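Engineer: Sequence first, predicted coordinates after that:
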Amino acid sequence: QLQASGGGLVQPGGSLRLSCATSGFALDYYAIGWFRQAPGKEREPVGCISGGDGTTNYADSVKGRFSISRDSTSDTVYLRMNSLKPEDTAVYYCAVGRGSIATSEEARYRYWGQGTLVTVSS
């Protein structure tokens, strides 16, 4: 079971931290991906973290501003978002991979959580 949380309204330039509770999925074995869907647009990858060594990858649009981390003791993955822009407004989703390899391909993710809305506006 997946549950993303932590969304809300934030001003441009602000920060938010999203959480993804991955109960039942050992983070040492499964990659976790973050995706987002803006109004009227298709869902797109944000970043991902591999199982095992925790290698992270990010979309160019968020590189240097967003970071993914995990807490294996609580099976929780975090998406830290800094320097937020209005174009970051979207529903953010986390997903569990079919294996440990981090990838931006949606088809390689098996389970999806409920999204959490992030609105960046003044």
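Structural biologist: Looks like it arrived, so ask away.
Engineer: So for this protein, the centremost residue is which one?
Structural biologist: Centre of the chain computed as the mean C-alpha position; nearest residue by Cα atoms, centre = their mean is residue 34, 2.7 Å away.
Engineer: Specify the local secondary structure of that residue.
Structural biologist: In three-state terms, and counting by DSSP: H, G, I helix; E, B strand; the rest coil, residue 34 is strand.
Engineer: That one pairs with what?
Structural biologist: Residues in a beta bridge with residue 34, per DSSP bridges, are residue 47, residue 94.
Engineer: so who does it touch?
Structural biologist: Applying Cβ atoms under 8 Å, 6 or more residues apart in numbering, we find residue 34 in contact with 18, 20, 45, 46, 47, 48, 68, 79, 92, 93, 94, 95. For the C-beta atoms, the positions are set from N, CA and C on the backbone; glycine is no exception.
Engineer: again with residue 69
Structural biologist: Neighbouring residues of residue 69 by Cβ under 8 Å, 6+ apart: 49, 77, 78, 80.
Engineer: still on that earlier bit, most neighbours of all the contacts of residue 34, which one?
Structural biologist: residue 94 (30 neighbours; other Cβ atoms under 10 Å).
Engineer: Isn't that one up against residue 36?
Structural biologist: No: applying Cβ atoms under 8 Å as the test, residue 94 and residue 36 come out as separate, 10.4 Å apart.
Engineer: quick revisit: name the nearest of the contacts of residue 34 relative to residue 8.
Structural biologist: Using Cβ to Cβ, residue 18 comes nearest to residue 8 of the contacts of residue 34, at 9.7 Å.
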